[in-house]
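Participant: Model the following, please.
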Amino acid sequence: MRFISGKDRKQSLLFPVSLEEAIEQENEVRAVDTFVDSLDLEKMGFRVHFPEGGRPAYHPGLLLKLFIYGYMNCLRSSRKLERECRRNIELMWLLGQLAPDHNTIANFRKDNPEAIKKVFRATVALAKDFNLIGGKLIAGDSTKLRAQNSKKNNFNKKKIDRHLRYIDNKLEEYNQALEQADGTAAKASIHKEIDKHHKRKDNYHKLQRQLDQDKEEQLSTSDPQSRQLI
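Facilitator: Residues are numbered from 1 along each chain as shown. Predicted structure coming up:
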């Protein structure tokens, strides 16, 4: 049976293929290159001026191109990006066959967190300009999010009834204590507690009427739209 045969690795090419020819015009890596070249990196907070002497530094634009390419292709590790620079033809084209080491890549990410955030904001603005996103729709999945409301500010009929029974029991205890109390100060203190519980009872009755009126199973006082999840 005949199979498709590859080319001889040792064969010399009279007209070798350049990197420019190897990368298609519609390849996303060309968009990354054009996008980064259009940015004012110094204005965004990247360091673009370095003192003379010592080993020349990599331009922040080159490292930014590498970072964005890695983000688009799920390559977050600086060591993986270092390896890809030496074997990935797209990165060879994007970086001009330069291969920064993993320490340089990691330090760039560590030293420019705010500037990188501005770059990603610029990508959102660019996408809105091209009508790729509307910027209006917010979608969520089943993830539980902590709302402004807390459990103690969330009420249902069962919880309100439980509080009302508790208050009625406390009022009965205070009335019995009032009959046995001696002295004006003791009676004044008990009357104060009785008034406080009557106000709480009125508040729970108000919540109960609101539940009946809205025909809802739950009521949240601090965040009306939030609901308690089981």
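
Participant: So residue 226 sits against residue 150, correct?
Facilitator: No: contact criterion C-beta atoms under 8 Å: residue 226 and residue 150 do not qualify, at 9.5 Å. The way it works is simple: take the backbone N, C-alpha and C, and place the C-beta from them, glycine included.

Participant: which one of these two has more residues nearby?
Facilitator: Applying other C-beta atoms under 10 Å to residue 226 and residue 150 shows that residue 226 carries more neighbours, namely 17 against 14.

Participant: Quick check: residue 85 vs residue 73, distance?
Facilitator: Going from residue 85 to residue 73 by C-beta to C-beta, to the nearest Å gives 13 Å.

Participant: Of the two, which one has the most company?
Facilitator: Comparing residue 85 with residue 73 by neighbour count (other C-beta under 10 Å), the higher total belongs to residue 85, at 21 against 16.

Participant: The top helix by length along the chain - what's its average pLDDT?
Facilitator: Longest helix in the chain, counting residues (DSSP state H): helix 184-214. Regarding helix 184-214, the rounded mean pLDDT is 85.

Participant: Repeat that for stretch 50-68.
Facilitator: For stretch 50-68, the per-residue pLDDT averages 87.

Participant: Ends of it, what's the gap?
Facilitator: Length of stretch 50-68, first residue to last, C-alpha to C-alpha, to the nearest Å: 23 Å.

Participant: Could you export stretch 106-114 as PDB, CA atoms only?
Facilitator: C-alpha atoms of stretch 106-114 as PDB (Å, rounded to 0.1, in the frame of the first residue of the first chain):
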ATOM      1  CA  ALA A 106       7.200  36.400  34.400                       C
ATOM      2  CA  ASN A 107       8.800  39.700  35.400                       C
ATOM      3  CA  PHE A 108       7.000  41.600  32.600                       C
ATOM      4  CA  ARG A 109       3.600  40.200  33.900                       C
ATOM      5  CA  LYS A 110       4.500  41.000  37.500                       C
ATOM      6  CA  ASP A 111       5.800  44.500  36.900                       C
ATOM      7  CA  ASN A 112       2.900  45.700  34.600                       C
ATOM      8  CA  PRO A 113      -0.400  44.600  36.100                       C
ATOM      9  CA  GLU A 114      -2.200  48.000  35.800                       C
END
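
Participant: mean confidence score for it?
Facilitator: Here the average pLDDT along stretch 106-114 is 93.

Participant: Name the residues that touch it?
Facilitator: Residues outside stretch 106-114 that contact it (C-beta atoms under 8 Å, 6 or more residues apart in numbering) are 45-47, 58, 60, 63-64, 67, 78, 116.

Participant: contacting residues around residue 118?
Facilitator: 44-45.

Participant: can you pull out the strands in this structure?
Facilitator: 154-155, 219-220 (DSSP state E).

Participant: Figure out which of these is closest to residue 133.
Facilitator: With C-beta to C-beta, the closest approach to residue 133 among the strands of the chain belongs to strand 219-220: 32.1 Å.

Participant: who does the closest one pair up with?
Facilitator: strand 154-155 (antiparallel) (DSSP bridges).

Participant: How far does the partner strand sit from its chain's centre?
Facilitator: Put simply, strand 154-155 sits 28 Å off its chain's centre (C-alpha atoms, centre = their mean, to the nearest Å).
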